[in-house]
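Asks: sequence first, predicted coordinates after that:
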Amino acid sequence: MKKYSFLFPALLLAFAITLQGQPMPDEIKMKNFINELMDKMTLEEKIGQLNLPGSGDIVTGQTSNSNIGLRIKEGQVGGLLNLKSVEKIRDVQRVAVEETRLKIPLMFGMDVIHGYQTTFPIPLGLAASWDRTLIEKSARIAAQEATADGICWTFSPMVDIARDPRWGRIAEGAGEDAYLGSEVAKAFVHGYQGKDLSKNNTMMSCVKHFALYGAAEGGRDYNTVDMSFQRMYNEYLPPYKAAIDAGAGSVMSSFNEINGIPATANKWLLTDLLRGEWGFNGFVLTDFTGINELMEHGLGDLQTVSALALNAGVDLDMVGEGFLSTLKKSFDEGKISQATIDQACRRILEAKYKLGLFDDPYRYCDVNRAKTEIATPENFQAAREIATQTFVLLKNEKETLPIQKKGKIALIGPLADNRKNMAGMWSVAVKHDQSVTVLEGFKEAVGKKAEIFYAKGSNIVDDPKLDEWTGSWGEPGIDPDRTPAQLREEAVAVASKCDVVVAVMGESAEMSGESSSRSDISLPGSQRVLLEALLQTGKPVVLVLFTGRPLILNWENENIPAILNVWFGGSTAGQAIADVVFGTVNPSGKLPVTFPQNVGQIPLYYNHKNTGRPLGEDEWFAKFLSNYLDVTNDPLYPFGYGLSYTSFTFSDLKLDQNKLTGNQTLKASIDITNSGKYDGAEVVQLYIRDLVGSMTRPVKELKGFQKVFIKAGETKTVTFDITPEDLKFYNYDLKYDWEAGDFVIMAGGNSRDVKSAQVNWLK
Ligand code: NOJ
């Protein structure tokens, strides 16, 4: 026994060090390897590893003599941003591992945000599926395709909680809720990274934008954030933490300031919280020129801000070159230490090690894979199926939807035959010519059973300036030949001869995403006028709505009989929309974010506090209560809302006990009957309210959800196991714990319409 005792501590150590969700590459072997390598590195070479330039104009076969090639040879590059194609990446990697002194491979990162060449719905749409498995599958396919094309690292998921639909980047996240956001974040990370990061078909994920980027004042991009720590910890930080706990290998600092210190220079954020409290052991990179922007924030010159960022915990400088051009000087002047540079360099090298790049720098550069694994029919089929699960049926009066495949169908609108706008923002690898339009999807779906008549009907926007700023990837959208009135006339003529009108309208892809904040979030341009004209034909009108954010839809909700919100559905949007419009698939998406009645209500979110003067239910106004004179406090469509072609009836909520103590488990069950005539899926949502606390608590908080498929006429019981873990929150002292007392447990098909029961839970 004695002679083996030395093995025990070593084994224990090996087990103890776990790579947050990843199987452990031999940590000690890695450390030794990197120690040896770093012993050989000059200070300049170490600083070079901290530099992530843009890829410039690389021509396959000529990298060696290109500007970037020369810099790689000088040891000034740690990785490259947004370089596309396996041939180019192979070529660049060859320079790094064959023509540099230490042969350190490069990392290749890209914004693979919602799919690669096979594009899935925008992230806000994916979140609307409330389906963890499907979201993970979309990320898995994205990783499979991107790694086949040379990419080993993606700048995704974006997990910024957003409660302000004016902010264009709300499209890139999972909406307003910390619990849903955390579930979505985990699914993305698992999908991208798989179980083994060193495999050639998994890629490292990057959680962004750390932190609170979605809370920009006024919904204006890059704007200031000022927030209490209690709100941060309870309502905004959980999805970042969930992604990190799921093993995300890197974190991107955000552009915004937080309480006076920009995230990229924020030591509390990037070191104390991220590493100290959360135990993150990957690397931190800035957002695009994030360090340089610290100068605009007013923190000093480039040398000062670069040192600030490094000392705060940034390891990699995206594009700005502040690290490369100033860190040596700061080191010589004693403003940064050798240990801090070593630490950052080590983190970058460790990431490369975990990706298996030191074993085989061409691991992600298999030209055959690029030919056979990208944009396959199977991936397109998966994208189509996933897209159908993300659409949210907002209204369906008199069963206007689904429509039948018969007679004459008018397909009207600026997005009905618009290939470039199907994929949505941030689809860097999409090939637009592969995207399926709604017109094509409809024609394929009806075959000879019905006739489809198309008219554009309107521009997306009529203002040339706005068209230039938000056009279809540089292409003008405004019709050069016809005025808005002429377009409308044509459409009305088409609609008048048909049995039903499907209006495909909304925002262009570039009206949401980065740098696309809007202060007026109604249907753009003259689309509303077109809708009015179509309604006047007396034909039933269905609105198929493209959007990257909640829009103000009061008028549409009042006047249009059926509204199907399809976000931006990705490469196969046209087919997926046809699947749902014609009833092959019954919609089951639920809103991950509240749709307000008007912009003045913003921020409007379901998990708000009660105030000391709450308005009673179904009330509009009462003097000296918390309300508006000119609009009720209600949203147009609440968080979690979404209809189905069938109807679901919820029983009362049953609790297996109503007095609990300590770590017991409460079982809350509810029966859901499919009381309509179509089979369909319902997302059953669990909310909890903590009635009395040491600090104020939200009126309800999402704590669980299950998506269940129920055949017409059948009933299913859904049970949630609730433990004290679900009651915990960060109290005023930021201690994470639960407090004994009374709780209201709620379940239902959206955040507004719930069945509830009360429970008393003591410590
Ligand atoms: C800026 C964006 O904010 C970020 O999300 C993205 O990953 C980088 N640009 C790189 O393209």
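Replies: Received it, and whenever you're ready, just let me know what you need. Residues are numbered from 1 along each chain as shown.
Asks: tell me the pLDDT of the residue nearest the centre of the chain.
Replies: For the chain, the residue nearest the mean C-alpha position is residue 173 (2.8 Å; Cα atoms, centre = their mean). pLDDT recorded at residue 173 is 98.
Asks: hmm, residue 163 and it touching each other?
Replies: No: here residue 173 does not reach residue 163: they are 10.8 Å apart, not a contact under Cβ atoms under 8 Å. For every residue, glycine as well, the C-beta is placed using N, CA and C.
Asks: what are the boundaries of the strands in the stretch 401-550 of the chain?
Replies: For the stretch 401-550 of the chain, the strands defined by DSSP state E, counting those that start in this stretch cover 407-412, 450-455, 500-506, 541-546.
Asks: the ligand is nearest to which of the ones you listed?
Replies: Counting by Cβ to the nearest ligand atom, the ligand lies closest to strand 541-546 out of the strands of the stretch 401-550 of the chain; the figure is 21.8 Å.
Asks: now that closest one and strand 407-412, what's the angle there?
Replies: 40 degrees (axes from the mean of the first three to the mean of the last three Cα atoms, to 10 degrees).
Asks: show me what strand 541-546 is packed up against.
Replies: Packing contacts for strand 541-546, counted by 3 or more Cβ pairs under 8 Å, 6 or more residues apart in numbering; DSSP states H and E, involve strand 500-506, helix 527-536, strand 562-565, helix 573-581.
Asks: and the shortest one, how far out from the chain's middle?
Replies: Centroid separation for strand 562-565 versus its chain: 22 Å, with Cα atoms, centre = their mean, to the nearest Å.
Asks: in the sheet, which strands lie alongside that strand, parallel or antiparallel?
Replies: Applying DSSP bridges to the sheet, strand 562-565 is found paired with strand 392-396 (antiparallel), strand 541-546 (parallel).
Asks: ranking the ones you listed by burial, who's on top?
Replies: strand 541-546 (a mean of 25; mean count of other Cβ atoms under 10 Å).
Asks: show me the strands in the stretch 101-250 of the chain, by range?
Replies: Using DSSP E, counting those that start in this stretch, strands in the stretch 101-250 of the chain cover 107-110, 153-154, 204-210, 250-253.
Asks: let me see the mean pLDDT of the first one.
Replies: It refers to strand 107-110. 98.
Asks: is any part of it close to the ligand?
Replies: No: using Cβ under 6 Å from any ligand atom, strand 107-110 stays clear of the ligand, coming no nearer than 7.9 Å.
Asks: start at 14 instead
Replies: Taking 14 as the first residue, the last one we looked at is strand 120-123.
Asks: for that strand, name the packing helices and strands.
Replies: So strand 120-123, by 3+ Cβ pairs under 8 Å, 6+ apart, packs with strand 92-94, helix 99-111, strand 166-167, helix 351-367.
Asks: how about the shortest one?
Replies: Using 3+ Cβ pairs under 8 Å, 6+ apart as the contact test, the elements touching strand 166-167 are strand 120-123, helix 145-161, strand 217-223.
Asks: touching the ligand at all, that strand?
Replies: No: looking at strand 166-167 against the ligand by Cβ under 6 Å from any ligand atom, there are no contacts, and the closest approach is 9.0 Å.
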